[in-house]
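Participant: For reference, the sequence and a predicted model appear below.
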Amino acid sequence: MTDSVIGALQEAFPDAEFSEPHGQEVVSVPPTALVGLVAAARDAGFDCFIDLCAVDYLTRDPRFEVVVNLLSMGLKRRLRIRVGVPASDPVVPSITPVFAGANFFEREAWDLLGVRFEGHPDLTRILLPDDWEGHPLRKDVPVGSVPVQFKGSPKA
Amino acid sequence: MSNPPDITTGELEAPASKTEANAPASTGADERRAVHDLWLSGTEAPTTAGRFTDEGAQEMLDDETPEALAQQRGTAVVDDYVSDDLATGDETQILNMGPQHPATHGVLRLQVELEGEIVRRVKPIIGYLHTGMERTAEVLTYMQGPTNVTRMDYLSPFHNELCFSLATETLLGIDVPPRAEVIRVMMSELNRVASHLLWAATTGFDIGALSMMIYGWRERELCLEFFEKLTGLRMNHNYIRPGGVSADLHDGWEDDLEALITGVEKGLVEYEDLLMGNPIFLERTKGVGYITPEECLAYGVTGPVARASGIDWDLRRDMPYSGFEEYEFDVPVTSNGDVFDRFLVRFEEVRQSLRIVRQAADRMPDGDWRTEDRKVTPPPRARIDQSMEALIHHFKIMTEGFKVPAGETYQAVESSRGELGMYMVSNGTAKPWRLHVRAPSFAHVQALPTMLTDSLVADTIATLASVDPVLGDVDR
Amino acid sequence: MARPSQPGGFITTVLDKVAGWAQTRSMWPANFGLACCAIEMMATGAAHNDLARFGMEVFRASPRQADLMIVAGRVSQKMAPVLRQVYDQMAEPKWVISMGACASTGGMFNNYALVQGVDQVVPVDVYVPGCPPGPQGLMHGILTLHGMVQRGESRGVAV
């Protein structure tokens, strides 16, 4: 990447991997470097927080991945940051000190996928009822469908 | 009263002194105390399970200082009749709004801590419409995807479908024909018009202009009739699909569109006459629900709310998709950041959307309305009788679905609420591995406490309505 | 669970008929719009398809003042207790219309998050199919309910 913004980030974070699938800029870092990278990206111009989500890759190690999406209105660019999270210890530092808007998104990732965010001010369930057990968006949890009463339809 | 009587042994007289009853010497007294505490506080002791902070599980907690608890249990010695709280006027009350509430735009629950009429703390509690759409998307094929996704932000179904289709097409690496692109632009701008009309109707209704509800719906019915003629449904159309759109424009669409545009523009003039000069309306909306541009960026607030605060950003102009760079339109931006400005921005957006619709109708190219790639688009029904290949393609697409190469992409569109984005991960099969929807209303609801702190209760309704959250978007 | 039929209901007196007639004339709906069906419910109350001709344009926010609960939209697991609570707070006679596919059977969302049919939580009198049912569909459902009440098939009280 010869781009100056990406080049500066690359210098500051030498163990980060940069790629460009479908023309979109993606950075992969280990969990320890996440908060630093997000703060550096914000200082470099990516000041609008867009999205944070988690993905369950089930058969891959690390099993989970936390994906942060940032937008720079000044540079008209997006940046996607991916962090691999192992299943044995699904903890990632929270980026709420950098972007206050990550609050609800991290709660949703915890609620639906079970990825914990250390340093989050209020990591509780947000979309599911308080007393729900489990994390339904994980791939080893069935969808929870009930059998529909049509002749010959397979059971859920 | 220092110590309540002992119920288990039938003694009616309280023990002589407090210290005697509280002495830990005899286990009998402890047991009786425990039973009595249970009797006083009920069997529902507050649990500490699932509580990571003193914010509580999903609700705001009252002040739980030991003094307050002791007072509740009757174990505190109260000398003064008037407590300190009442003297300084610091007493606050937690009020619960929703989830069943006429003015929360759906099933949003707001816990508001009030000091008199002033709002001190707000905690939005969501999840009452959680439908598990992201999980359902992993079970449906890419062809069925728009049916699921279109019901998220149910006021802008075309935007949801467009985002999903664009993301799928990016992963597939295909283009749509020019006619399909222009139809998509036209329909999403008409959707913006319909959504803003409904917003104006419900917001006016919430603020107190009750007749706005009837007026706004009158113009929206024009749009819905057009949608029904074209797509077959008034809402949740499943019209924009990966590869193009599902059906061509109907006969006589130009006349219908002309009548629609004329009707809506006439209605807009009427709304502005009714609302903008009304002093009560101005009182209720000016200076209310303010959010700074920096807070917008920190919370990810985009769309009309951000544009009313002075952030000049519109995905259609700045990061165009689906051919938007070829249309001429203005992006309204104001700087006050209050509810009145959001009205101005949205009304002007309706006008600009109609401008885009006119340009799209003028330049509508001929051609196919969906891609020729038979692996993605089902063949025309007539050909199924004639060609074996067409039959096989139809069968495979409808049952198994088309396979999408492995990869990931994030696609954003400018929906009526703000930036609607979809992060789609594919693993090479016919169903998405993960579909995460970045809903604009989710970020806006998160920014509500910022807008509402230190405002009045009545402003809560006006601000909430002006932010235009759609709970299908928030909860998915 | 549909509402059970009335005991000894094959003899309806003139008084019952009058009561049934009166109950249908101004059956106020409770505000229970949840999702997309709520938009179509509002459209039914708006000017184009007018619910006011049946005396039903006032959607009461307080369930105590309402006769009819139109469950319009998908009911999630978190919302089900709220639904039951609002239903319990309504005074008898009360009726329930389950509007839309999601309220009737769970709709297209056969998953962990939704109650698969609102009749698992409250007794339903009329099911209106559609996703969402247009205003004509909802009106047909409401008029069906009116017919049932007038004929004495549904007294709106727990048996």
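Facilitator: Structure received.
Participant: rest of the way, CA atoms for contacts and neighbours
Facilitator: Noted.
Participant: Spell out which helix or strand contains the closest residue to B:T203 other than its chain neighbours, please.
Facilitator: Counting by CA to CA, 6 or more residues apart in numbering or on different chains, the nearest residue to B:T203 once its immediate chain neighbours are dropped is B:A465, at 5.3 Å. Using DSSP states H and E, B:A465 falls within helix B:457-467.
Participant: Give me the contacts around the helix or strand that that helix is followed by.
Facilitator: Later in the chain than helix B:457-467, the nearest helix or strand by DSSP H and E is helix B:471-475. When contacts are defined by CA atoms under 8 Å, 6 or more residues apart in numbering or on different chains, helix B:471-475 is touched by residues A:127, B:105-108, B:126-131, B:151-154, B:439-442, B:445, C:35.
Participant: and if we set it to 7 Å?
Facilitator: If you take CA atoms under 7 Å, 6 or more residues apart in numbering or on different chains as the criterion, helix B:471-475 is touched by A:127, B:106-108, B:126-127, B:129-130, B:152-154, B:439, B:441-442, C:35.
Participant: circling back to that earlier point, the residue nearest to B:T203: neighbour count?
Facilitator: Neighbours of B:A465 under the rule other CA atoms under 10 Å in any protein chain shown: 22.
Participant: Also B:H250?
Facilitator: B:H250, neighbours per other CA under 10 Å, totals 12.
Participant: The one 5 residues further on too?
Facilitator: By other CA under 10 Å, the residues close to B:D255 number 10.
Participant: What strand or helix carries the most centrally placed residue in chain C?
Facilitator: Closest residue to the average C-alpha location of chain C: C:I97 at 2.3 Å, with CA atoms, centre = their mean. Element membership of C:I97, judged by DSSP H and E, is strand C:95-99.
Participant: Tell me which residues are up against that strand.
Facilitator: Here strand C:95-99 has contacts from C:67-73, C:104, C:123-129, C:156, using CA under 7 Å, 6+ apart.
Participant: Kindly report the residues of the stretch 351-476 of chain B close to chain A.
Facilitator: The stretch 351-476 of chain B comes close to chain A at residues B:R434, B:R438, B:A443, B:Q446, B:D475, as judged by CA under 7 Å from any CA of the partner chain.
Participant: before we move on, the earlier item: what residues sit buried inside the helix holding B:A465?
Facilitator: By neighbour count with 16 or more other CA atoms under 10 Å in any protein chain shown, helix B:457-467 contains the buried residues B:V457, B:D459, B:T460, B:I461, B:A462, B:T463, B:L464, B:A465, B:S466, B:V467.
Participant: for stretch C:82-101, same thing?
Facilitator: So stretch C:82-101, judged by 16+ other CA under 10 Å, has buried residues C:82-83, C:86-87, C:90, C:94-101.
Participant: do stretch C:46-62 as well
Facilitator: C:46-47, C:49-51, C:54, C:56-62.
Participant: Output these in JSON lines, with pLDDT and secondary structure appended to each entry.
Facilitator: Listed next are the buried residues of stretch C:46-62 as JSON lines, based on pLDDT from 0 to 100; DSSP: H, G, I helix; E, B strand; the rest coil:
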{"residue": "C:A46", "pLDDT": "85", "secondary structure": "coil"}
{"residue": "C:A47", "pLDDT": "84", "secondary structure": "coil"}
{"residue": "C:N49", "pLDDT": "87", "secondary structure": "coil"}
{"residue": "C:D50", "pLDDT": "86", "secondary structure": "coil"}
{"residue": "C:L51", "pLDDT": "87", "secondary structure": "coil"}
{"residue": "C:F54", "pLDDT": "88", "secondary structure": "helix"}
{"residue": "C:M56", "pLDDT": "87", "secondary structure": "coil"}
{"residue": "C:E57", "pLDDT": "82", "secondary structure": "coil"}
{"residue": "C:V58", "pLDDT": "83", "secondary structure": "coil"}
{"residue": "C:F59", "pLDDT": "84", "secondary structure": "coil"}
{"residue": "C:R60", "pLDDT": "82", "secondary structure": "strand"}
{"residue": "C:A61", "pLDDT": "82", "secondary structure": "coil"}
{"residue": "C:S62", "pLDDT": "87", "secondary structure": "coil"}
